[in-house]
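Q: How does the following fold in three dimensions:
(chains A and B)
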Amino acid sequence: MTSVRKLKENIIEAALAFSGAVTILTTIGIIWVLFSESYGFFSVVSFWDFLTDTEWTPLFTQKHYGILPLLAGTFSVTLIAIIVALPIGLTIAIYLSEYAPKGFRRSIKPALEILAAVPTVVYGFFALTVVTPFLQLFIPGLGAFNALSAGIVMGIMIIPMVSSLSEDALFAIPKTLKEASYGMGATRFQTAFKVAVPAASSGIIVSVILAIARAIGETMIVSIAAGQQPILTLDPRDAVETITAYIVQVSLGDVEHDSLEYRTIFAAGITLFIFTFILNNISFWMKKKYQEQYE
Amino acid sequence: MNNLKKNRLIDKSFQYFGIACTLFGLIMLAVFISKILMDGIGRIDWSFITSLPSRKPEKAGILTAWTGTAWILGLTAIISIPLGVAAGIYLEEYGKKNRLASIIEINIANLAGVPSIIYGLLGLEIFVRTLNFGGSLLAGAFTLALLILPIIIVATREALKAVPPSLREASFGMGATKWQTIWYQTLPASSGGILTGIILALSRAVGETAPLIVIGALAYVPFVAKTPLDEFTVLPMQIFNWVSRPQHGFIVNAAAAIIILLVITFILNGIAIYLRNKWQKKVNW
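A: A predicted model of the protein is given here:
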């Protein structure tokens, strides 16, 4: 009786452990797929050309495989998104943690989360049909597809991410620090910027790093609103192509499996993966570090 | 004294600036939703919901798209819920201090940050090509299930963590085994929290477009999927397709389809928030 019971318990535990191991298999799968297909790519295209060629034209007759134009597109859209999201998100975090009445704070937080729940394809529609026409009123020569509009909308999308993670960081600092500041007669503004923000700085940096990782991996907004022209430019008024938008462009077309064109999406994918992997690990490591500081 | 006044002024101005920033996102959301409603609400009628796609915008409908979304939702749930909840139970109840559990934990933190389009590349190689599912519902559902697995695992762990040890100890004291304790006590006690996480994860899956494009979901599918091995489209794919076309009629269609997609997303999120509140109130350990 007891041994049957024990056997049953062991089988269940093994099944549960296997489910957990599926996540490890996923990671191994991602790395294996990206590396094996990119290996095929880099055995034809030299690594040096990939990093230094200033043209990316794998789908044209005159083929170039320089990742720089895609990186520039990804970089400029991400930069614009962070320029929008960081000041607004951080201000919201400071306002909610230092100024806002409790009731307001409790009702506004789920409302902000709605922004993060809206599907990204919907934001893309917004960028293309509302933000771009609106910006064209002020910026003559702004094309129908441009990095600026996609970046701004992406920034709006990641505001809740910056604000909620930064607020957590501000909340985690010891109350005594702030009380000491108030005790010295400091205003809320002085306390926030001279005491709370510096004390929570590593947590705030983590929120920004995660927001950057989210922005460079974002796909639908840029596919819809930023265009599909891999041109090496940092002018936000231009149409650009990001790494993610390129993968979408190839996936929508008829590219033969096992061709070099097909493998370019894995070479682009591994570039994207490496960037997000580094950013996520920096944030993971920083979070661990600052948690230790106060606990 | 002058300095003091200045500081108070700065303090007060920042307060208003803070309110403005907090409302900025919400105002943008409101502008946006009203614009979509103005564009699209007039287009929604019975024939829009029951028609197949078409080259003519005024004839096109979202029948294949919403049925595809329903299929994907169901299949993704069937695949991801048992795996995610089981993994969550393992990490929280069994693997507290072992090596496998700590590796899985770091791994999940990493997976949660992988862009969704990368999951598309994984699905393309593993499910579409190696396992030969093609660009089918099954390939799409497996890909999305892997994508939302970290969310379900984390939610399950959080919910289990909230169950007080006394409940487990009482069960062990009655002679129950570890699994009996989990199955009859811990899991029912944490079901509200787990369900909330599952619904939020599924709502994320419903809105995903990029990984499905990569695995080869089609924008134009002229039939309703009947089996999990059929080709498919989903609402976000249909919206993306319509947005990319120049004719104004398709933009109107896109807005109308967005309304349907947002209704589904908000209902799912609403249920999740409702469950979370109800569960938090009820549980008073």
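Q: Would you mind listing what in the stretch 151-295 of chain A touches chain B?
A: Contacts of the stretch 151-295 of chain A with chain B, taken as Cβ under 8 Å from any Cβ of the partner chain, map to A:156, A:159-160, A:187-190, A:192, A:210, A:213, A:216-220, A:223-224, A:244, A:247-248, A:251-252, A:257, A:265-266, A:269, A:272-273, A:276-277, A:279-281, A:284. Where you see a C-beta, it was placed from the backbone N, CA and C, and this is true even at glycine.
Q: What about those residues, which are in helices?
A: Per DSSP state H, helices hold the following members of these: A:156, A:159-160, A:188-190, A:210, A:213, A:216-217, A:220, A:223-224, A:244, A:247-248, A:251-252, A:265-266, A:269, A:272-273, A:276-277, A:279-281, A:284.
Q: What are the buried residues along stretch B:95-112?
A: For stretch B:95-112, the buried set under the neighbour-count rule, 16 or more other Cβ atoms under 10 Å in any protein chain shown, comprises B:95, B:101, B:103-105, B:107-111.
Q: Pull the residues that contact it.
A: Residues outside stretch B:95-112 that contact it (Cβ atoms under 8 Å, 6 or more residues apart in numbering or on different chains): A:17, A:20-21, A:23-24, A:26-27, A:277, A:280-281, A:284, B:87, B:90-91, B:94, B:149-151, B:153-154.
Q: Then stretch A:88-97?
A: Against stretch A:88-97 from outside (Cβ under 8 Å, 6+ apart): A:105, A:108-109, A:112, A:155, A:158-164, A:166-167, A:169-171, A:192-193, A:196-197, A:204, A:207, A:211, B:14-15, B:17-19, B:21-22, B:24-25.
Q: any idea of the mean pLDDT in it?
A: Mean pLDDT, stretch A:88-97: 93.
Q: Repeat that for stretch B:277-285.
A: On average, the pLDDT along stretch B:277-285 is 65.
Q: before we move on, what about stretch B:257-264?
A: On average, stretch B:257-264 scores 94.
Q: swap in stretch B:212-219?
A: 85.
Q: Mind checking if it is in reach of chain A?
A: Yes: interface with chain A: stretch B:212-219 contributes B:213-214, B:216, B:219 (Cβ under 8 Å from any Cβ).
Q: And the pLDDT for the residue nearest the centre of chain A?
A: Note on chain A: the residue nearest the mean C-alpha position is A:Arg214, at 1.1 Å, using Cα atoms, centre = their mean. pLDDT, A:Arg214: 93.
Q: ok, so what distance separates the closest residue to it other than its chain neighbours from A:Ile204?
A: Among residues not flanking A:Arg214 along the chain, A:Ile158 sits closest, at 5.7 Å (Cβ to Cβ, 6 or more residues apart in numbering or on different chains). Distance, A:Ile158 to A:Ile204, using Cβ to Cβ, to the nearest Å: 14 Å.
Q: low pLDDT regions in chain B?
A: B:1, B:280-285 (pLDDT under 70).
Q: If you count residues, where's the longest helix of it?
A: helix B:2-40.
Q: What residues sit buried inside that one?
A: Taking 16+ other Cβ under 10 Å as the criterion, helix B:2-40 shows B:11, B:14-15, B:18-19, B:21-22, B:24-25, B:28-29, B:32-33, B:36, B:39-40 as buried.
Q: With stretch B:196-204 instead?
A: So, applying 16+ other Cβ under 10 Å, buried residues of stretch B:196-204: B:196-204.
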